[in-house]
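I'll drop the sequence and a predicted model, then ask my questions.
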Amino acid sequence: MPKPIRKSGNPDAHWRFHEIVRPGVLRVAPMIAIPALLREAGVDPDELLAEFGLPSSLFEDPDNVIRFTTMGRVLSRCVQSTRCEHFGLLLGKQWGASVLGPVGYLIQSAPDVRTALTELAAYLHVHDGGAVITLDTDEHTASLGYEIVAPGVERAEQILDAAMAIACNILRALCGGAWRPLDVSLAHARMGRVDPFRDFFKVAPTFNAERTAIVFARGWLDRPLVSADPILHAMMSERVLGLQAATRDDLVGQLRRLLRAEIGSRETSLATVAQRIGMHGRTLNRHLAAEGTSFREVRDTLRWEIACQLLENTRRPACEIAESLGYADAASFNRSFVRRSGMTPGRWRLSGARTHAPLQAEDEAGKVVIA
């Protein structure tokens with residue numbers, strides 16, 4: 001029997017008991033070890049979580065949900081209180097596919113690694129409404145990436161580290177003991193010791209990368225899964241599709257997820273993206289106009305948010321960021337950035353400006369509203 005939904009009682013509604021995952025929200029499953037990790041470091045988890053209006057009981061059920069931005073602030077405070085810059089790695093290394101709930105069972109019962117990772121990319125938003133998974137291949141390698149979609153996330157590097165640790169454990173389970181990554185790229189600067197990362201990933205990570213991803217030999221994609229189960233896979237497919245229908249993601253949310261996965265690696269013109277969604281460009285813009293926006297506005301806003309993430313979290317030069325985001329040149333990037341920020345990328349980086357989203361609350365129907 002499903003558990004009853006209990007209202008948080010928090011006017012800002014940064015968390016909910018047993019709610020459907022929606023854009024900008026994720027299941028607390030990857031975070032349930034936070035209280036134990038804090039205790040190990042001599043920190044009282046109840047006191048720390050109370051700073052954010054979060055009860056410890058929130059972390060007793062993996063299906064409870066929390067806002068992505070709130071998670072970032074909690075992890076930032078965890079790093080500060082424990083003085084452990086690899087807190088996110090410690091958090092993520094404990095988990096594998098099971099932390100993804102129904103999506104985890106779906107990919108573990110898939111026929112092969114390629115199908116499993118393709119389904120992970122397609123349905124992550126059922127578990128995590130603040131990021132996307134990417135799966136890219138070339139002639140010899142494949143890369144499994146994790147990209148944050150939610151704007152204004154604090155201490156994003158902790159989230160990225162946790163995500164890559166979970167992804168690495170998933171790949172080890174799917175591929176078997178002989179699997180090894182060729183590289184682990186992290187889209188943030190080195191924050192502290194490297195040895196915890198090297199010990200876990202079995203390879204020295206590449207910091208200040210353009211994207212956060214695990215790179216491995218492409219041949220692993222064709223490996224059949226020992227855990228393949230056609231009956232369970234069909235059951236989990238039906239379950240995940242039901243959850244997807246309940247997420248209530250609007251067209252803008254779908255478009256942001258698609259663009260976040262493809263900006264910098266694929267063509268993102270109106271015609272091309274509309275074709276991927278399954279409609280004509282004019283039709284897409286007409287639907288977006290009904291929601292008070294346009295394709296260009298959604299794409300340019302997202303590119304600016306990604307630029308802010310890279311400026312804040314890495315030491316990559318602005319010219320490299322411009323190229324990675326598909327701008328014609330650094331001058332075009334500068335002009336676009338100034339229009340949105342009122343300052344150049346370099347000055348924004350020096351100012352320590354952030355991209356925090358406004359606080360949000362939910363009405364009794366569960367609809368997100370601006371607080």
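That came in fine, so what should we check first? Bear in mind the structure is a predicted one, so any value in this text is a computation, not a measurement.

would you confirm that L144 belongs to a helix?
No - read with DSSP: H, G, I helix; E, B strand; the rest coil, L144 is strand and lies in no helix.

find the nearest non-adjacent residue to it, please.
Leaving out its chain neighbours, the residue that sits closest to L144 by CB to CB, 6 or more residues apart in numbering is I214, at 5.0 Å. In this view, the C-beta of every residue, glycine as well, is placed from N, C-alpha and C.

swap in W304?
R340 (4.9 Å).

could I get stretch 286-293 in PDB with only the CA atoms?
Taking C-alpha atoms only, stretch 286-293 is exported to PDB below (Å, rounded to 0.1, in the frame of the first residue of the first chain):
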ATOM      1  CA  ARG A 286       3.900  28.600 -30.900                       C
ATOM      2  CA  HIS A 287       3.500  26.200 -27.900                       C
ATOM      3  CA  LEU A 288       6.400  28.000 -26.100                       C
ATOM      4  CA  ALA A 289       4.800  31.400 -26.800                       C
ATOM      5  CA  ALA A 290       1.700  30.100 -25.100                       C
ATOM      6  CA  GLU A 291       3.900  29.600 -22.000                       C
ATOM      7  CA  GLY A 292       5.300  33.100 -22.300                       C
ATOM      8  CA  THR A 293       8.700  32.300 -23.800                       C
END
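
so for that stretch, mean pLDDT?
Average pLDDT, stretch 286-293: 93.

stretch 70-80 too?
95.

could you say what helices and strands the strand or helix carrying A271 packs with?
Secondary structure from DSSP states H and E places A271 in helix 270-277. If you count contacts as 3 or more CB pairs under 8 Å, 6 or more residues apart in numbering; DSSP states H and E, helix 270-277 packs onto helix 251-262, helix 281-290, helix 295-313.

in the longest one, what's buried?
For helix 295-313, the neighbour count (16 or more other CB atoms under 10 Å) marks 295, 298-299, 301-313 as buried.

contact partners for S76?
Residues in contact with S76 (CB atoms under 8 Å, 6 or more residues apart in numbering) are 154-155, 158.

please apply the same query to K202.
180-181.

right, and W220 touches W179 too?
Yes - between W220 and W179 there is a contact at 6.1 Å, judged by CB atoms under 8 Å.

low-confidence stretches in this protein?
Within the chain, the stretches with pLDDT under 70 are 1-21, 248, 353-371.

against S76, how distant is the residue nearest to the spatial centre of it?
Central residue of the chain (CA atoms, centre = their mean): A131, 2.7 Å from the mean position. Distance, A131 to S76, by CB to CB, to the nearest Å: 17 Å.

for stretch 328-347, buried residues please.
In stretch 328-347, counting by 16+ other CB under 10 Å, buried: 330, 333-334, 336-337, 340-341, 345.

what's next to stretch 209-217, contact-wise?
By CB under 8 Å, 6+ apart, the residues outside stretch 209-217 that reach it are 134, 136, 140-147, 160, 163-164, 167-168, 171, 175, 179-188, 264, 310, 314, 316, 320, 324.
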